[in-house]
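Asker: Fold the following and give me the result.
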Amino acid sequence: MALQLPELKKLVKVLKEKRESEGKCSEGECVKGDVFLVGTGPGDPELLTVKAVRVIKSADLLLYDRLVSNDVLDLVGDHAKLLYVGKTAGYHSRTQEEIHELLLSFAEAGATVVRLKGGDPLVFGRGGEEMDFLQQQGIHVKVIPGITAASGIAAELGIPLTHRGIANSVRFLTGHSRKGGTDPLFVSENAADPDSTLVVYMGLSTFPSLSQKLMHHGLSPQTPAVAIERGTTL
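Answerer: Okay, the predicted model is just below:
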């Protein structure tokens with residue numbers, strides 16, 4: 001497991017010793033630290049909330065994902081430690097279970113831990129899984145929302161997600177289900193409503209099959225569509 005690595009064991013030890021020197025430990029047991037699940041938005045650091053910036057600057061330890069920009073990481077305080085736990089298609093630097101273990105161990109050492117996520121932690125960010133796990137272990141978790149990609153990109157491009165008389169609802173769809181690919185039943189349900197805007201996250205690799213499914217279930221080939229990569233980051 002992750003904490004069997006010598007450098008991570010040492011980091012937990014250092015954090016615990018720091019808390020002991022501050023009088024926050026008794027008989028080897030430290031007051032548990034808080035974990036913040038922080039949304040960093042779709043890329044532009046100026047879209048961070050004021051609270052997110054404050055928490056990032058004051059954290060002892062930050063675990064960050066692949067989509068967190070260097071501009072956001074530059075806000076981290078000089079005393080803090082950064083740990084990359086990002087995932088890409090076909091490669092995970094840490095499993096989700098290892099990430100859970102790291103968050104728990106650092107919090108039990110008394111550290112203020114920040115989990116940095118692209119977009120919003122509770123929109124296709126596994127924030128719910130991490131929150132549930134930590135709360136079951138008695139760790140206090142706080143969620144700081146971020147601007148999800150759909151909102152940030154819509155604002156940047158001037159494309160409203162809803163528009164009176166055209167689109168009266170919005171639906172978010174992941175391009176990758178747990179079983180792989182896109183759930184065809186969910187696609188059918190969304191395609192059946194021509195008055196709804198459909199936003200697909202992480203849909204690059206499944207885009208060809210997704211578009212075919214949408215048209216198969218009745219969506220017109222003339223439906224306006226736009227594909228965006230790295231929105232708000234340029």
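Asker: what's the next secondary structure element after the helix or strand of the chain with the lowest mean pLDDT?
Answerer: Taking mean pLDDT, DSSP states H and E as the measure, strand 91-92 is the helix or strand of the chain with the lowest mean score, a mean of 62. Toward the C-terminus, strand 91-92 is succeeded by helix 96-108 as the next helix or strand (DSSP states H and E).
Asker: Who are the packing partners of that following helix?
Answerer: Helix 96-108 is packed against helix 6-21, strand 61-64, strand 113-117, helix 127-136, with contacts defined by 3 or more CB pairs under 8 Å, 6 or more residues apart in numbering; DSSP states H and E. (Each C-beta comes from the backbone N, C-alpha and C, glycine too.)
Asker: right, so of those, which gets closest to residue 168?
Answerer: helix 127-136 (27.2 Å; CB to CB).
Asker: Now residue 100: closest residue in space that isn't a chain neighbour?
Answerer: Of all residues not flanking residue 100 in the chain, residue 133 sits nearest, at 4.7 Å (CB to CB, 6 or more residues apart in numbering).
Asker: ok, now residue 80?
Answerer: residue 59 (5.3 Å).
Asker: dump the residue contacts of the one you found.
Answerer: By CB atoms under 8 Å, 6 or more residues apart in numbering, the contact set of residue 59 is 36, 76, 77, 80, 112, 113, 114.
Asker: closest to residue 162 among the residues you listed?
Answerer: Comparing the contacts of residue 59 against residue 162 with CB to CB picks out residue 36 as the nearest, at 30.7 Å.
Asker: Would you confirm that the closest one belongs to a helix?
Answerer: No. Under the criterion used here (DSSP: H, G, I helix; E, B strand; the rest coil), residue 36 is strand, not part of a helix.
Asker: thought it was touching residue 113?
Answerer: Yes. Residue 36 is within contact range of residue 113, at 7.1 Å (criterion: CB atoms under 8 Å).
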